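> Structure for this input, please:
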Amino acid sequence: MIKLLTSGWVTAAIGAVVYLTSTAVFWQTPKPPPVVKIDTTVHNVGPSWEFSNPEADQLVNELKDEKKAVADRQQQLNEMAARLDAERAELSQVTQSVRILQNDFDKSVVHVQTDEIANLKKLAKVYSEMDPTTAAVVLGEMDDVAIVKIMIFMKDDETAGILEALAKKGQTQAHRAALISDRIRLSSNHPQPTK
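Take a look at the predicted model:
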């Protein structure tokens with residue numbers, strides 16, 4: 001019998017019986033958890049498109065607010081772009097007006113170029129040594145710009161005599177003498193760079 005008790009099969013069977021017995025004796029069923037009262041209001045469960053979630057509604061409202069802010073900003077940018085276009089057009093118009101005035105001014109002001117100075121000084125000396133009446137006759141055949149360029153290099157009393165002789169030739173020549181004297185006033189005998 002000892003042989004039988006020492007065999008592996010018997011030992012395994014005895015261990016199984018002891019295990020099952022001890023499990024049956026010491027087994028305790030767990031107590032049920034305490035009952036928690038749940039909100040018993042019945043929500044009307046409808047289709048999924050009627051589902052409402054407060055967090056989702058808040059996100060939707062925030063997106064609507066941001067969309068409105070973006071639309072307002074876009075409107076401000078469009079208004080600013082329109083103002084910039086209007087100011088750009090006005091600035092262009094003013095720039096063109098300045099160019100026109102500059103061209104008119106350049107036409108009325110006589111500029112003496114550096115390479116003309118030597119010749120103009122010689123001519124001024126020649127006409128200043130002539131009788132003012134004779135000089136007025138000769139200069140009267142030239143254009144006003146050439147007369148002004150020559151008279152710039154003459155003395156004031158010599159210029160005065162020639163303009164007086166020119167003015168005595170009639171109303172038209174008197175008006176021309178006035179225009180020449182005005183252009184002498186506006187003239188620039190500073191050498192201008194050649195273009």
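
> Name the helix or strand for the residue minimising distance to the centre of the chain, please.
For the chain, the residue whose C-alpha lies nearest the mean C-alpha position (C-alpha atoms, centre = their mean) is residue 84; its distance is 8.3 Å. For residue 84, the host element (DSSP states H and E) is helix 54-108.

> Distance from that helix to the middle of the chain?
10 Å (C-alpha atoms, centre = their mean, to the nearest Å).

> ditto for stretch 146-158
Using C-alpha atoms, centre = their mean, the mean C-alpha position of stretch 146-158 is found 50 Å from that of the whole chain.

> gap between the two ends of it?
In stretch 146-158, first residue to last residue: 16 Å (C-alpha to C-alpha, to the nearest Å).

> Can you list the residue ranges for strands in the protein?
111-113, 188-192 (DSSP state E).

> which stretch in the ones you listed has the least confidence?
Among the strands of the chain, strand 188-192 carries the lowest mean pLDDT, at a mean of 52.

> So, low pLDDT: which residues of this structure?
Filtered on pLDDT under 70, the chain yields the residue ranges 1, 5, 36-49, 108, 111, 188-195.

> Would you mind giving the domain segments of the chain?
When the chain is parsed with automatic domain parsing, its domains come out as 54-108, 111-192.

> got these as a markdown table, with distance to residue 15 columns?
Yep, even glycine has a C-beta here, placed from its N, CA and C like the rest. Below are the domains of the chain laid out as a markdown table (distance: least, C-beta to C-beta, whole Å):
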| stretch | distance to residue 15 |
| --- | --- |
| domain 54-108 | 58 |
| domain 111-192 | 124 |
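
> just these: most buried one?
Of all the domains of the chain, domain 111-192 has the most neighbours on average by mean count of other C-beta atoms under 10 Å, namely a mean of 16.

> what about it, distance to the chain center?
Counting by C-alpha atoms, centre = their mean, domain 111-192 comes out at 50 Å from the chain centroid.

> now do stretch 107-119
For stretch 107-119 - counting by C-alpha atoms, centre = their mean - the centre lies 41 Å from the chain centre.

> what does stretch 14-23 give?
On C-alpha atoms, centre = their mean, the centre of stretch 14-23 falls 93 Å from the chain's centre.

> How about stretch 10-28?
On the basis of C-alpha atoms, centre = their mean, stretch 10-28 sits 92 Å off its chain's mean C-alpha point.

> next one: stretch 53-61
The answer for stretch 53-61 is 41 Å, by C-alpha atoms, centre = their mean.

> Output it as CSV, restricted to C-alpha atoms.
C-alpha atoms of stretch 53-61 as CSV (Å, rounded to 0.1, in the frame of the first residue of the first chain):
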residue,chain,number,x,y,z
ASN,A,53,-24.3,68.0,-26.7
PRO,A,54,-23.5,71.2,-24.8
GLU,A,55,-19.8,71.0,-25.5
ALA,A,56,-20.4,70.6,-29.2
ASP,A,57,-22.9,73.5,-29.1
GLN,A,58,-20.2,75.6,-27.3
LEU,A,59,-17.6,74.7,-30.0
VAL,A,60,-20.1,75.6,-32.8
ASN,A,61,-20.8,79.0,-31.1
